[in-house]
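Peer 1: Below is the structure, and that's it, no one-letter string:
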């Protein structure tokens, strides 16, 4: 039997049903690009036509030319209707996707109670809907909802549902543990039992985590013959979440010898998981297996002594295989190789044995302790490394800023920022309004600098996210601000941390401008010429 596994990511659909997860169309496009780079085979984008965000997503994603198959989700036709006239099926067809996921009932209890129809009509609904989409040239993945509960209650009917879907032309028959209540041995036994009535069928698995067994159940299904795996990044999903692909993929690939994604792709797993966590603005558990910040962290005693001799003493895999890193929490060696490697990627020469290297590693450790997170802020990290190596030439320096926020009864809030920076030895003072404090600061800083650096006209703030770092301090808690900036060619992320959200935002904004100006010449000679011509305004 083939050892290749088809990975189906439903973060953008099932994952968004999790409490606290809300993604804009722009967020969904960013995540789709990241998932495509990871190498998943299917990306389920949502339900076409269900809301404006999904409509925009399916329109924009067609322009990206991704390798992964973009998939639309929908249910079978309504009872007593015709598939060709079903609005949901027509929207899937018109969305421009290559593949469709259709969900249908496989538990007789649900057919009678939820659909309030006959078992025969449910089979017809499944057949007609799949056949319609197959006639339109789509690949069809059939999700048999509540399959395992249905099988336990009425195995003949649950199997009949899969058989009817297969007869209609479904490319994958996916068994869903929708309520998340099954155990690994049950999953294995039921999947194995299908080899008789459904020989050679392309089987898939979709599990939920209500018993903390979604990953284990998925592995059991694969070992019993399943070759299509559905899940979400970081396990996002309704109630207790979906099966976590961040654990499933390395378990299948590194532990069981299955082929899921490329070896080099697997090395980006940690970065992908943390990037999606930042975009979704959901705290990532520090102890999350494989990709968590503490997954390969060691603190004190015999553990540290042993892993410094040979990491195999207390690590089940090499963390680099999934893009993570070993952390020695009480040692100056913590993170050294990772920082040096990152510097090399950026073209910065950093000798791990030098005092300079030790200083910057200590600085990064100190900043991370304060709440800075550089996984999603490569631009801020690069500025730190270039500053430490002596390569960073500061083209402007900050002097001060002030904010005015005014709210009158019955009137919108007015935000105004006053910024003073020093460029080429001269203080520049500007003021600007914005639709909020951060926008006002951005406008004022840009106004001060653009006369010296015209290329800043081409960049703009593309995204802004705030995360509370320690909610026990309530409104006095520290916050981390992540800002994404873009120009015509690139995008970059910067970070700021403070107990004051305005100060944290300012840090990230200043870093964004500093990064945009990397490699530009000093404005001193330009400024002098413009001043002689009376072109510089204060």
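Peer 2: Looks like it came in fine. Every value quoted in this text rests on a predicted model; they were computed, and no experiment measured them. Numbering: from 1, shown residues only.

Peer 1: CA only for contacts and neighbour counts going forward, please
Peer 2: Will do.

Peer 1: quick one: the helices in the stretch 1-150 of the chain?
Peer 2: All helices of the stretch 1-150 of the chain, identified by DSSP state H, counting those that start in this stretch, fall at 25-38, 52-61, 87-94, 108-110, 119-135, 147-153.

Peer 1: Make JSON lines from these and add mean neighbour count to it.
Peer 2: Conversion of these to JSON lines gives the following (neighbours: other Cα atoms under 10 Å):
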{"stretch": "helix 25-38", "mean neighbour count": "20"}
{"stretch": "helix 52-61", "mean neighbour count": "18"}
{"stretch": "helix 87-94", "mean neighbour count": "18"}
{"stretch": "helix 108-110", "mean neighbour count": "19"}
{"stretch": "helix 119-135", "mean neighbour count": "21"}
{"stretch": "helix 147-153", "mean neighbour count": "21"}
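
Peer 1: For residue 393, which of these is the nearest?
Peer 2: For these, the distance to residue 393 is smallest for helix 25-38, at 31.6 Å, taking Cα to Cα.

Peer 1: The closest one to helix 52-61, inter-axis angle?
Peer 2: 50 degrees (axes from the mean of the first three to the mean of the last three Cα atoms, to 10 degrees).

Peer 1: Mind giving me the packing neighbours of helix 25-38?
Peer 2: Under the contact definition 3 or more Cα pairs under 8 Å, 6 or more residues apart in numbering; DSSP states H and E, helix 25-38 sits against strand 42-46, helix 52-61, helix 263-266, helix 269-280.

Peer 1: Residue 150 and residue 185, how far apart?
Peer 2: Look at residue 150 and residue 185: by Cα to Cα, to the nearest Å, they are 16 Å apart.

Peer 1: Next, count neighbours for the closest residue to residue 349 other than its chain neighbours.
Peer 2: Closest residue to residue 349 apart from its sequence neighbours, by Cα to Cα, 6 or more residues apart in numbering: residue 343 at 6.7 Å. Residues lying near residue 343 (other Cα atoms under 10 Å) number 19.

Peer 1: List the contacts of residue 343.
Peer 2: In this structure, residue 343 makes contact with 349-350, 382, 385, judged by Cα atoms under 8 Å, 6 or more residues apart in numbering.

Peer 1: Most neighbours of all these, which one?
Peer 2: Neighbours here mean other Cα under 10 Å. Within these, the largest count is held by residue 385, at 25 neighbours.

Peer 1: show me where the stretch 351-500 of the chain has strands.
Peer 2: Shown for the stretch 351-500 of the chain, the strands assigned by DSSP state E, counting those that start in this stretch span residues 397-406, 414-423, 426-434, 460-468, 479-486, 491-498.

Peer 1: Tell me the buried residues in the fourth one?
Peer 2: Judged by neighbour count (16 or more other Cα atoms under 10 Å), strand 460-468 contains these buried residues: 460-461, 464, 466-468.

Peer 1: out of the helices and strands packed on helix 25-38, nearest to residue 175?
Peer 2: Proximity of those to residue 175 was assessed by Cα to Cα; the nearest stretch is strand 42-46, lying at 16.7 Å.

Peer 1: what is the orientation angle of that closest one with helix 52-61?
Peer 2: Here strand 42-46 runs at an angle of 140 degrees relative to helix 52-61 (the same axes, to 10 degrees).

Peer 1: Pull up the pairing partners for strand 42-46, direction included.
Peer 2: Looking at strand 42-46 with DSSP bridges, its partner strands are strand 6-9 (parallel), strand 69-75 (parallel).

Peer 1: Would you reformat these as CSV and include mean neighbour count, mean pLDDT and distance to residue 390?
Peer 2: Formatted as CSV, those follow (neighbours: other Cα atoms under 10 Å; pLDDT from 0 to 100; distance: least, Cα to Cα, whole Å):
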stretch, mean neighbour count, mean pLDDT, distance to residue 390
strand 6-9, 23, 98, 43
strand 69-75, 23, 97, 45
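
Peer 1: how about CSV for these, with distance to residue 310 added?
Peer 2: What follows is the strands paired with strand 42-46, written out as CSV (distance: least, Cα to Cα, whole Å):
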stretch, distance to residue 310
strand 6-9, 33
strand 69-75, 41
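
Peer 1: Nearest to residue 217 among those strands would be which one?
Peer 2: Closest among the strands paired with strand 42-46, once you apply Cα to Cα, is strand 6-9, at 15.4 Å.

Peer 1: Show me where this protein dips below the pLDDT cut-off.
Peer 2: 1, 299-305, 307-308, 327-342, 345, 352, 375, 471-476, 521-538 (pLDDT under 70).

Peer 1: what's the spacing between the residue most central in space within it and residue 66?
Peer 2: Closest residue to the average C-alpha location of the chain: residue 276 at 1.6 Å, with Cα atoms, centre = their mean. Taking Cα to Cα as the criterion, residue 276 is separated from residue 66 by 18 Å.
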